[in-house]
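1. My questions concern the predicted model and sequence given below.
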Amino acid sequence: MDFNTILQILDSAVRLMTPLLLACLAGLYSERAGVFDIGLEGKMLMAAFTSATVAALTGNVWLGLCAGIIGSLMLSLVHGLASITFRGNQLISGVAINFLAAGLTVLLGQKIFGLGGRTPTLNPGAELEALTTPFRDWLSGIVGPDLAVTLTTMPRFTEIRLPFADALRDVPVIGPIYAELISDHSILVYVAFLCVPATWWLLNRTRFGLRLRAVGENPAAVDTAGVSVTRLRYAAVGICGVLCGLAGAYLATGLSAGFVKDMTAGRGFIALAALIFAKWRPWGALGATFLFGLLEAIANRYPNLELGPITIPSMFMNALPYILTVIILAGFVGRAIPPRAGGEPYVKER
Amino acid sequence: MDKMPKWVDVILTPVISLLLAAAISALVILAIGESPWEALKTMVTGALGSSYGWGFTLYYTTNFIFTGLAVAVAYHAALFNIGGEGQAGLGGLGVALVCLFIPWPHWTLALLGAMLGAAAFGAAWAYIPAILQAKRGSHIVITTIMFNFIAAALLNWALVRWLRPVGSMDPASANFPPSTHLPKISDIFARFGIEWGTHTPANVTFLIALLACVAVWLLIWRTRLGYEIRAFGKSETAARYAGISPVRITVITMLISGGLAGLMAINNVMGEAERLVLNSVEGAGFIGIAVALMGRNHPVGVLLAALLFGFLYQGGGELALWTSIPRELIIVIQALVILFTGALDNMVRMPLERFFTARRLRNRA
């Protein structure tokens, strides 16, 4: 295995870890505030669908991103209603949300595009052209034809070349790392990585973060201090929705070009596993999702990993994140302790 | 003191929840430009209008009774077992091994052997999450989810690398020998000269599922163990004071739950496919959650809810065949049923409680 191969695998790991990282941070906000969320998968799936649909119909990926966030937020609202307002079982609500997304995305996709539940491929071409024309005509009446064409021919996130990437490419070691690994990703990848320090700062250095953590450990204390438990938990569930929206939008309009049925393929659950692995901490989330992204990248590149005399089948590599999580949960390698009030609806005493 | 009469709690609340789920499903059908009334008619004719439809409906019902009972039993001990999918999948592996590697003289013996294999494999797959919850405090919901994925990988490996016959491209085991084939319900009727449900997969397992309902009722409400399970589920601390071991109850309950989920495999693997295929469970493990919630964790409720979902499943297949409504409508209905009978239960319950409390106060005055 030479330097270039390692770089390629790492590059692929960065791409694959991005949706995991966003979803993991999403779960982090919700669970640190005491609302368990096993509906990450469903919210991502819904966001992937709404973002790809709007991007296909308008030819504008930013509108798609907004739609992705809205789609995911709608499900967050359902989760909030069920688990905060009506004090229902948060786990059951999460299960329901996962199924709701799995069914609705195919049903609506079939209705809108008639392609068996997938959206058209988000690459400029005749198929997409026909769909975006009505929106473009409408837009050109407002902003003029030239700008309308520019705005409707960006159906997916393209890779961004960071400054000096080409100039530095020939510098040994650092050059390729910068040009291959760090540069040339879509904007959402950088957003996801920036979310890690942002989340750390928000949780540990602001008043909102202190209250959010408190509401996940001891909501009665927060209530006594005169802060609304309901409002804080809704805020946390809302942030979770926005981040899941970003994760889903990246899946459908960044990592691939369009939505296909069940495209999250268990990523929401891997993100959940990463959250436990990370012991509900932002920097841990970065490490855990990188590890899981790397495992997926290696499994993709080497379907049968040969380590001397033994051959490791790809199925084992795919199951490894789950196996590792069970081991961590069992407390054999450092104990993972969830937020104390997690999963319990708060009942104000009367 | 109860806030509501018992019939409101047991019958009215679930019925209202169900009606809400049905109303929103109708809205979804309207939103995709189809008629809910026509859809319902297609589903009723397709699932219940002929013995052929009934044959499939009862086949699906059998699956859902097992997975529903699995979730219900665990729920009585306040354990939420979402691992039915993986446990039923492993049960399938158990059935396949028993049927493929042991030469059975007659199907009755093969059925007994397969039941043992299915229950043992399903229970074993539930054992690890159970022991981890009981001894190490890891949350059973998360571990059972993880075990679903691990089971999928394991079955994938077993079918591709181990059980697949030489020269076959299909990731499936060899066909089971004829001596293990279970009689279909249509065969039983045919023996009496009645033509009923020819070419449908409903088989004798349905009767075993009914027996399982009775057995679970006896277990939960008529045995010492059942009492301990319910006591543990109501209050762990109280149960502990009464000398009930949390570890023992958690592990035994999950073994029974996993065994029931595993037993589903005698229906779909041994009774229908007659070989082990990839993803043989097809989501039935998750439907068990909806079935248990709707059936209020009571075997009679589970039976009725399983019948409803069996109807929805067969009807949904007919919808996809005759109209332009995709099969996924069933997943949406399933989600809405889980949402309204499970998570949004209080939305229906709170106003009802207020109404009946107010009425009683008025009557007293």
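-> Nice, thanks for sending it over. This structure is a prediction, so every number in the text was calculated from the model and none was measured.
2. For residue 323, grab the count of nearby residues.
-> With no chain named, the answer covers chain A. By the criterion of other CB atoms under 10 Å in any protein chain shown, A:I323 has 16 neighbours. Just so you know, the C-beta spots here come from the backbone N, C-alpha and C atoms, and that holds for glycine as well.
3. ah, I was thinking of chain B
-> Counted with other CB under 10 Å, B:T323 comes out at 16.
4. got any ranges where the stretch 251-350 of chain A has weak pLDDT?
-> A:332-336, A:349-350 (pLDDT under 70).
5. Within range of chain B, give me the residues from it.
-> The stretch 251-350 of chain A comes close to chain B at residues A:266, A:269, A:272-273, A:276, A:313, A:315-316, A:318-319, A:322-323, A:325-326, A:329-331, A:338, as judged by CB under 8 Å from any CB of the partner chain.
6. Mind checking which of the residues you listed are buried?
-> A:266, A:269, A:272-273, A:276, A:313, A:315-316, A:318-319, A:322-323, A:325-326, A:329-330, A:338 (16 or more other CB atoms under 10 Å in any protein chain shown).
7. Just the ones in helices from the residues of the stretch 251-350 of chain A next to chain B, please.
-> A:269, A:272-273, A:276, A:315-316, A:318-319, A:322-323, A:325-326, A:329 (DSSP state H).
8. how about the helix or strand of chain A with the lowest mean pLDDT: buried residues?
-> Least confident helix or strand, chain A: strand A:304-307 with a mean of 73, by mean pLDDT, DSSP states H and E. Buried residues in strand A:304-307, counting neighbours by 16+ other CB under 10 Å, are absent.
9. How many residues are close by B:I16?
-> 18.
10. any idea where the helices of the stretch 101-250 of chain B begin and end?
-> Remark: helices assigned in the stretch 101-250 of chain B by DSSP state H, counting those that start in this stretch are B:107-131, B:140-157, B:185-191, B:205-222, B:224-234, B:236-241, B:246-265.
11. Need the winner for burial among those helices.
-> helix B:246-265 (a mean of 26; mean count of other CB atoms under 10 Å in any protein chain shown).
12. Would you mind listing what in the stretch 101-250 of chain A touches chain B?
-> With CB under 8 Å from any CB as the criterion, the stretch 101-250 of chain A meets chain B at residues A:A102, A:G103, A:L104, A:V106, A:L107, A:L108, A:Q110, A:K111, A:G117.
13. biggest separation within these, which pair?
-> A:A102 and A:K111 (15.8 Å; CB to CB).
14. who has more neighbours, these two?
-> Shown here are A:A102 and A:K111; by other CB under 10 Å, A:A102 has more neighbours (24 against 15).
15. which one is that one nearest to, not counting chain neighbours?
-> B:I331 (5.4 Å; CB to CB, 6 or more residues apart in numbering or on different chains).
16. Am I right that the one you found sits in a strand?
-> No. Counting by DSSP: H, G, I helix; E, B strand; the rest coil, B:I331 is located in no strand; its state is helix.
17. and it, how many neighbours?
-> 24.
18. What residues does it make contact with?
-> The contact partners of B:I331, by CB atoms under 8 Å, 6 or more residues apart in numbering or on different chains, come to A:F99, A:A102, A:G103, A:V106, B:G283.
19. Quick check, pLDDT for the third one.
-> Reported pLDDT at A:G103 in the predicted model: 93.
20. ditto for the first one
-> According to the predicted model, the pLDDT of A:F99 comes to 93.
21. My read is that it contacts B:I289, right?
-> No. Using CB atoms under 8 Å, A:F99 is not in contact with B:I289; the gap is 9.3 Å.
22. quick one: common contacting residues for these two?
-> Joint contacts of A:F99 and B:I289 (CB under 8 Å, 6+ apart) are B:I338.
23. Between the two ends of stretch B:158-168, what distance do you get?
-> 14 Å (CA to CA, to the nearest Å).
24. closest point of the stretch 101-250 of chain A to chain B, which residue?
-> Closest residue of the stretch 101-250 of chain A to chain B, CB to the nearest CB: A:G103 (3.3 Å).
25. hang on, that residue packs against B:I338?
-> No. Applying CB under 8 Å, one finds A:G103 not in contact with B:I338, separated by 11.5 Å.
26. With neighbour numbers in mind, choose between these two.
-> B:I338 (29 against 23).
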